[in-house]
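Chemist: Okay, predicted coordinates and the sequence, questions at the end:
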Number of protein chains: 2
Amino acid sequence: MKILVSNDDGISSVGISKLVKELKKIGEVIVVAPSTEQSAVGHSITMKFPLRVKEYFINGNLFGYAVDGTPADCIKMGIKNILHEKPDIVISGINNGSNAAINVIYSGTVSAAREAAIMDVPSIAISVASHTPENYEYAAKLVSKLAILVCKNKLRTGTLLNVNVPDIPENEIKGVLLTKQGLTKWEDCYEERLDPYGVKYYWLTGQMDYQDTDIDRDVIAINNGYASITPIHFDLTDYAMFEKMKNWDFDSLRDS
Amino acid sequence: MKILVSNDDGISSVGISKLVKELKKIGEVIVVAPSTEQSAVGHSITMKFPLRVKEYFINGNLFGYAVDGTPADCIKMGIKNILHEKPDIVISGINNGSNAAINVIYSGTVSAAREAAIMDVPSIAISVASHTPENYEYAAKLVSKLAILVCKNKLRTGTLLNVNVPDIPENEIKGVLLTKQGLTKWEDCYEERLDPYGVKYYWLTGQMDYQDTDIDRDVIAINNGYASITPIHFDLTDYAMFEKMKNWDFDSLRDS
């Protein structure tokens, strides 16, 4: 199995090295990851500037390729200019921090997997739900087994799997749940501060505003000690609203 | 009607000024937009750096507030720290260039509207399908009428309308179609070049790989002279795949 690995925490992060170590047991691993941290970049791509690619060594051994762009850039570049062919699967992570509910929208980790899905390559995003994870091992093993399951069962074009694992020891994990993206979001606020010159600046902060209760929503599953697997797609059409809107008075949009 | 306006082309762009001029006929307009161009930033938000807000004047009159962040930042900042309340509607645009099919994923214009939808504020993204539009007026008038229709009919929480207009004179527009997001994507390639020091760099380029044929897909509607209106939602769950995956052998993910 040929596996393309990326992430958003950068090529030097602990999470990606733990992931690569485990994946090497099941296939050939090629790493193409951002040279610097790219958290919360969403599905950003680089068009106004050129990209550069550098070989990245650990202890004198080639670990992978560092791209001075976003996670989505890394997948495009990895498939088009480094592999020159589609891998069997793309795996993005292991991310420091949950990518569940609304965080899916902001996530660079998920965007790398989504870029693969757009390019018709099966893909998985994997995150541990803590900003300072202590338990990468279970996540690495889980995604490795899931990669085999994905290659056997196939995903439909455009779908990726978004996996989140609680940051608890493996023997405390209650199991794996098939989940939906939660609707839980951030209640944002901006902390107002003054710089040394007396000029105001604002720093984004906030807390989770839980909108979910059911165990089949990713955030709730994770909070209850389960690993969550959510299939997501790049077709954002709201089909329910589409049907409803057929009754709207579109004639009112014409010039009177 | 209180209308919060943003975009991704930046506060000094022609598109936003044409939009504001038209919207002032139907309500009170507050502009909070990026201080610089933010195309293809996707749903990026700024967390690692603080943001600054500056009043932006045109001919000595306050036009709006410039934020040195992304379109999604502008919406959060606009609602939380400038308006201090939810507006009746958020409108993002008028974007130079189509935001249909796969471009929805990369779009900063759409992300501003989506951030509003997440914050439970009705919203519309509006784009003209040309990188050098000559026909902003119809787009401005259409979105103005649509804003009234949205306030009357209501969108469900989390849904926004993504509107695209062909860059042709108003009398050549064939009409308005309710559409779905197309599945058309880019066939990417990277142009390899050498910098003045002989070092390789790569520039993203590519062409549209049309996957759609039906007139109710946004790209096809626009190419055929129609304005397209697509409802999109921030819940990315692939419900069809979710049902299918219930038959997967999740037991194989357990430790053996």
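Modeler: Right, received. Where do you want to start?
Chemist: Tell me if I'm right that A:Tyr56 and A:Ser13 touch.
Modeler: No: at 11.8 Å, A:Tyr56 does not count as touching A:Ser13 under the criterion of CB atoms under 8 Å. The C-beta positions use only the backbone N, C-alpha and C, and glycine is treated the same way.
Chemist: burial measure for A:Thr237, as a count.
Modeler: By other CB atoms under 10 Å in any protein chain shown, the residues close to A:Thr237 number 21.
Chemist: what about it, distance to B:Val128?
Modeler: Remark: distance between A:Thr237 and B:Val128 (CB to CB, to the nearest Å) = 21 Å.
Chemist: do A:Glu137 as well
Modeler: Distance from A:Glu137 to B:Val128, counting by CB to CB: 51 Å.
Chemist: Same check on A:Leu19?
Modeler: Relative to B:Val128, and taking CB to CB, A:Leu19 is found at 43 Å.
Chemist: what's the spatially most central residue of chain A in contact with, if anything?
Modeler: The residue lying closest to the centre of chain A (CA atoms, centre = their mean) is A:Val110, at 2.0 Å. Neighbour list for A:Val110: A:Ser92, A:Asn99, A:Val104, A:Ala125, A:Leu160, A:Asn162, A:Ile232 [criterion: CB atoms under 8 Å, 6 or more residues apart in numbering or on different chains].
Chemist: In helices, which of those residues fall?
Modeler: A:Val104 (DSSP state H).
Chemist: out of the contacts of A:Val110, who's near chain B?
Modeler: A:Val104, A:Ile232 (CB under 8 Å from any CB of the partner chain).
Chemist: Output the contacts of A:Val110 as TSV; include the columns distance to B:Asn224 and pLDDT.
Modeler: Listed next are the contacts of A:Val110 as TSV, based on distance: CB to CB, whole Å; pLDDT from 0 to 100:
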residue	distance to B:Asn224	pLDDT
A:Ser92	37	98
A:Asn99	38	96
A:Val104	33	95
A:Ala125	36	98
A:Leu160	31	98
A:Asn162	35	98
A:Ile232	30	97
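Chemist: out of the contacts of A:Val110, which is most surrounded?
Modeler: Counting neighbours by other CB under 10 Å, the top entry in those is A:Ser92, with 36 neighbours.
Chemist: need the residues of the stretch 1-150 of chain A near chain B, please.
Modeler: Counting by CB under 8 Å from any CB, the positions of the stretch 1-150 of chain A adjacent to chain B are A:37, A:39-48, A:50-53, A:72-73, A:76-77, A:80-81, A:102, A:104-106, A:111, A:114, A:118-119, A:141-142, A:145-146, A:148-149.
Chemist: Stretch A:172-187: which residues count as buried?
Modeler: Neighbour counts using 16 or more other CB atoms under 10 Å in any protein chain shown place A:Ile173, A:Val176, A:Leu177, A:Leu178, A:Thr179, A:Lys180, A:Gln181, A:Gly182, A:Leu183, A:Thr184, A:Lys185, A:Trp186 of stretch A:172-187 among the buried residues.
Chemist: Can you check my assumption that A:Gln207 lies in a helix?
Modeler: No: counting by DSSP: H, G, I helix; E, B strand; the rest coil, A:Gln207 is located in no helix; its state is strand.
Chemist: For it, the count of nearby residues, please.
Modeler: 9.
Chemist: Same question for A:Ile89.
Modeler: 26.
Chemist: I'd say it and A:Ile124 touch.
Modeler: Yes: using CB under 8 Å, A:Ile89 makes contact with A:Ile124 at a distance of 7.1 Å.
Chemist: In terms of helix, strand or coil, where does A:Ala72 fall?
Modeler: helix.
Chemist: Mind pulling up the pLDDT for the closest residue to it other than its chain neighbours?
Modeler: Spatial nearest neighbour of A:Ala72, chain neighbours left out: A:Glu115 (4.2 Å); criterion: CB to CB, 6 or more residues apart in numbering or on different chains. The score at A:Glu115 is 96. That number is its pLDDT.
Chemist: okay, now the nearest residue to A:Met1 once chain neighbours are set aside: neighbour count?
Modeler: Among residues not flanking A:Met1 along the chain, A:Gly27 sits closest, at 3.3 Å (CB to CB, 6+ apart). Counted with other CB under 10 Å, residues neighbouring A:Gly27 total 17.
Chemist: show me what contacts A:Gly27?
Modeler: Counted by CB under 8 Å, 6+ apart, A:Gly27 has contacts A:Met1, A:Lys2, A:Ile3, A:Asp88, A:Ala147.
Chemist: One more: A:Gly69?
Modeler: A:Pro34, A:Ile45, A:Thr46, A:Leu51, A:Met77.
Chemist: Just confirm the last one contacts B:Cys189, I think it does.
Modeler: Read that as A:Met77. No: look at A:Met77 against B:Cys189 with CB under 8 Å: they stay out of range, at 10.6 Å.
Chemist: If you count surrounding residues, which of the two has more?
Modeler: Using other CB under 10 Å as the criterion, A:Met77 and B:Cys189 rank with A:Met77 on top: 24 against 15.
Chemist: quick one, what contacts that one?
Modeler: A:Met77 touches A:Val32, A:Leu51, A:Val53, A:Tyr65, A:Val67, A:Gly69, B:Tyr190, B:Tyr202, counting by CB under 8 Å, 6+ apart.
Chemist: again, but for A:Glu37
Modeler: Contact analysis of A:Glu37 by CB under 8 Å, 6+ apart lists A:Asp8, A:Asp9, A:Gly10, A:Ser13, B:Lys48.
Chemist: again, only using 10 Å
Modeler: Applying CB atoms under 10 Å, 6 or more residues apart in numbering or on different chains to A:Glu37 gives the contacts A:Asn7, A:Asp8, A:Asp9, A:Gly10, A:Ser12, A:Ser13, A:Asn96, A:Gly108, B:Lys48.
Chemist: How about the secondary structure of it?
Modeler: coil.
Chemist: From start to finish, how long is stretch A:49-62 in a straight line?
Modeler: 26 Å (CA to CA, to the nearest Å).
Chemist: can you tell me the average pLDDT over it?
Modeler: pLDDT averaged over stretch A:49-62 gives 96.
Chemist: Tell me the buried residues in it?
Modeler: In stretch A:49-62, counting by 16+ other CB under 10 Å, buried: A:Pro50, A:Leu51, A:Arg52, A:Val53, A:Tyr56.
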